[in-house]
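# okay, here's the prediction I keep looking at, along with the sequence it came from:
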Amino acid sequence: MYAIIADGPHQYRVEEGQVFEIQIRDLEEDAKTLEFDQILMVGDTDGEAKIGAPTVEGAKVTASIMREVKGPKLVIRKYKKRKDSRTKKGHRQKFLQVKIDKIEA
């Protein structure tokens, strides 16, 4: 069974047991689980699918929070010719790593 979930501006295709990264958010310190209630589609391996308009009613995806991770380093360079002006800046985006526990249709 798989589902397509909407999380903010992003959409993810998830299956039970899958581990993936989502954008970081403000959560309570003792939070261990996360629920996604905007389910756009739920499908089976048999080819049957429930498509929502805009979401599937009664569907829910439960995920457990594993840890906070950092993405790849991005290097930003700026250069202005004939001005002797060069800057170099780095950035690493933080993500939450989650594991899908249960998909309810």
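Sure thing, it's come through. Numbering: from 1, shown residues only.

# got the contact list for L27?
Contacts for L27 (Cβ atoms under 8 Å, 6 or more residues apart in numbering) come out as 34, 65. Yep, even glycine has a C-beta here, placed from its N, CA and C like the rest.

# please identify the helix or strand for E35.
Following DSSP states H and E, one finds E35 within strand 33-36.

# what pairs with that strand, parallel or antiparallel?
Strand 33-36 has these partner strands in its sheet, going by DSSP bridges: strand 60-70 (antiparallel).

# which element follows the strand it pairs with toward the C-terminus?
Using DSSP H and E, the next helix or strand after strand 60-70 towards the C-terminus is strand 74-80.

# quick one: whichever helix or strand comes after that following strand to strand 74-80, angle?
Downstream of strand 74-80, the first helix or strand assigned by DSSP H and E is strand 85-91. Put simply, strand 85-91 runs at 170 degrees to strand 74-80, going by axes from the mean of the first three to the mean of the last three Cα atoms, to 10 degrees.

# spatially central residue for the protein, please.
The residue lying closest to the centre of the chain (Cα atoms, centre = their mean) is I22, at 2.6 Å.

# which residues touch that residue?
Taking Cβ under 8 Å, 6+ apart as the criterion, I22 is in contact with 7, 10, 12, 95-96, 98.
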